[in-house]
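Asks: the following block contains a protein sequence and its predicted model.
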Amino acid sequence: MIIVVFALEREAAPFRRAARALPGVSIHVSGVGRGAAREVASRLVGERPSLVIAAGFCGALKPSLCVGDVVKSPHILTVDHLVTDPAEKCRLGEFHDAVDMESAAVEAVCAESGVRFVAVRAVSDTADTALSPELVRLLSGGNVSVWKACGALVRKPSLLGEFLRLGRDTKLAARNLADALVGMINAQPPAEGWGLGVGTGVKQQRC
């Protein structure tokens, strides 16, 4: 069995549809952040999967990465907050290609249990993309309610452009991620170059 863990349902949705034709694939949504990811992964490794994949969106730290590009471990850094400032992205990008908030937690659980692991992420925002503080507050919990979004737009109508861009870019990222995951799983045993290992590859940084 292959287990694929996403933080958000909107990350998982395209792959959930595509995986209907894939035998032995189990899809789970953990919620945002290390704690949520660790809790779900700790329960799932008890099922002794052949592989655990931490999947979802990531922020690009390198200018060469575009929205929808797929990044895998060991080029992903895990931090404890949304990285939304291009200056911070530039600093973190000195040693890593992309950033997320969950992969290293899932990897640590897999390492403790001797389960193979890989992180596969699709870029949803580029290295030069900045998010306004208002949007960051809305996104911090993972799922944005319609009422909160409407309230934010009433207070600051200029957020509409950010909402539209975010919707467009996350849709592309989720679709490309699903395609990459399907290709990877269909290529089992894993194709060389995917960097599969027992809990090796994703770096952690607490900020």
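Replies: It's in.
Asks: residues in contact with residue 69?
Replies: 60, 122, 123, 176 (C-beta atoms under 8 Å, 6 or more residues apart in numbering). The way it works is simple: take the backbone N, C-alpha and C, and place the C-beta from them, glycine included.
Asks: switch these over to a markdown table; also include neighbour count and pLDDT.
Replies: Shown next, in a markdown table, are these (neighbours: other C-beta atoms under 10 Å; pLDDT from 0 to 100):
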| residue | neighbour count | pLDDT |
| --- | --- | --- |
| 60 | 25 | 97 |
| 122 | 27 | 98 |
| 123 | 27 | 98 |
| 176 | 17 | 98 |
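Asks: report the two of these separated the most.
Replies: Using C-beta to C-beta, the two most remote members of the contacts of residue 69 are 60 and 176, lying 13.1 Å apart.
Asks: quick check: bridge partners of the residue nearest the centre of the chain?
Replies: In the chain, the residue lying closest to the centroid (C-alpha atoms, centre = their mean) is residue 56, at 2.8 Å. When bridges are called by DSSP bridges, residue 56 pairs up with residue 121.
Asks: now swap in residue 71 and tell me
Replies: Residues in beta-bridge contact with residue 71 (DSSP bridges): residue 121.
Asks: would you check that it makes contact with residue 65?
Replies: Yes: counting by C-beta atoms under 8 Å, residue 65 is a contact partner of residue 71 at 7.0 Å.
Asks: and residue 161, helix, strand or coil?
Replies: Classification of residue 161 using DSSP: H, G, I helix; E, B strand; the rest coil returns helix.
Asks: how far away is it from residue 63?
Replies: As judged by C-beta to C-beta, to the nearest Å, residue 161 and residue 63 stand 22 Å apart.
Asks: higher neighbour count, those two?
Replies: With neighbours defined as other C-beta atoms under 10 Å, residue 161 and residue 63 compare such that residue 63 has more, 13 against 9.
Asks: ok, that one - contacts?
Replies: Here residue 63 is in contact with 126, 127, 128 (C-beta under 8 Å, 6+ apart).
Asks: now for the chain, the helix or strand with the poorest mean pLDDT.
Replies: Using mean pLDDT, DSSP states H and E, helix 146-155 stands out as the lowest-scoring helix or strand of the chain, at a mean of 62.
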